[in-house]
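Novice: coords please:
(chains A, B and C)
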Amino acid sequence: MDSDTACSIYRALCSCYPERIENGISYGDPFRVLILTILSAQTTDRSVEAVRPVLFSRYPSPADLAAADVEEVAAIVRPTGFYRMKARHIVGAARMIVEEYGGSVPCRMEDLLRLPGVGRKTANIVLSNAFGISEGIAVDTHVRRISRLLGLTDAGEPAKIEKDLTALFPRAVWGSVNALLVQHGRAVCIAGRPRCTACVLRAWCRYYRDEVQGNRIATST
DNA sequence: ATCCCGAGGG
DNA sequence: CCCTCTGGAT
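Specialist: Sure, this is the predicted structure:
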């Protein structure tokens, strides 16, 4: 069996169990993961949660979304912000999936990157959350914040931080680490004042040791 | 006022 | 490289 066949089998199983949530991270049906990941940019989980049932009950499959009116989709995804652009992106992505990929979300990086609204970060998250495939660790706005953990300065090249993080973990867990870091960066290791008192990584965090315990930085709860 | 699970475009 | 797109949280 080749990897494309394996992906198809995986997709079939996923469509049987479309919603798998673990530790607050959405896994499962690649179509849903893709759409939710695009919608999640620059927004809160609450906004995405509000939109999700409405969107997927009206457009359960790529074919349904591909046939949708962009204005109608825009009205639905409005609470997530950037709604006109996001509506154009997800409908355009659905159309490309239907027209060029036989209605299935592709499971290769190069193919995912062709979809409108999908860049390196979105593609990475889709690969790991939907297919369990790891291409390395790329968490963008989070790499800078996770650099607190490594004790690297903000001036450090993002590419170097990314490389260091990737080197820290074995390949087999890149995907889950990627997803979990993003989740952690959203919930706990947030911009501004990180919620260090709620952080399970305190024991290893150089930022916490140097800045917080050293009483040089105030943290929120 | 400032920032956020970015990507596309000039 | 810098701008824009938007709403919501802090």
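
Novice: and the closest residue to residue A:65 other than its chain neighbours, what does it touch?
Specialist: Counting by Cβ to Cβ, 6 or more residues apart in numbering, residue A:65 lies nearest to residue A:94, which is 3.7 Å off, once chain neighbours are set aside. Every residue, glycine included, has its C-beta placed from N, CA and C. Going by Cβ atoms under 8 Å, 6 or more residues apart in numbering, residue A:94 touches A:59, A:62, A:63, A:65, A:66, A:68.

Novice: so can I have a markdown table of the residues you listed showing neighbour count?
Specialist: Shown next, in a markdown table, are the contacts of residue A:94 (neighbours: other Cβ atoms under 10 Å):
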| residue | neighbour count |
| --- | --- |
| A:59 | 22 |
| A:62 | 24 |
| A:63 | 15 |
| A:65 | 23 |
| A:66 | 19 |
| A:68 | 19 |
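
Novice: and the helix or strand residue A:175 falls within, is it in reach of DNA strand B?
Specialist: Element membership for residue A:175, per DSSP states H and E: helix A:174-187. Yes: applying Cβ under 7 Å from any atom of the strand, one finds helix A:174-187 touching DNA strand B at A:182, A:183, A:185, A:186.

Novice: quick revisit: do you know how far the residue nearest to residue A:65 is from residue A:133?
Specialist: 21 Å (Cβ to Cβ, to the nearest Å).

Novice: repeat for residue A:179
Specialist: 12 Å.

Novice: ok, residue A:193 next?
Specialist: 35 Å.

Novice: the two: which has the busier surroundings?
Specialist: More neighbours surround residue A:133 than the other of residue A:193 and residue A:133, with 18 against 12 (other Cβ atoms under 10 Å).

Novice: can you tell me which residue is spatially central in chain A?
Specialist: Nearest to the geometric centre of chain A sits residue A:125, at 4.1 Å (Cα atoms, centre = their mean).

Novice: show the average pLDDT along the helix or strand harbouring that residue.
Specialist: Using DSSP H and E, residue A:125 sits in helix A:120-131. Mean per-residue pLDDT for helix A:120-131: 85.
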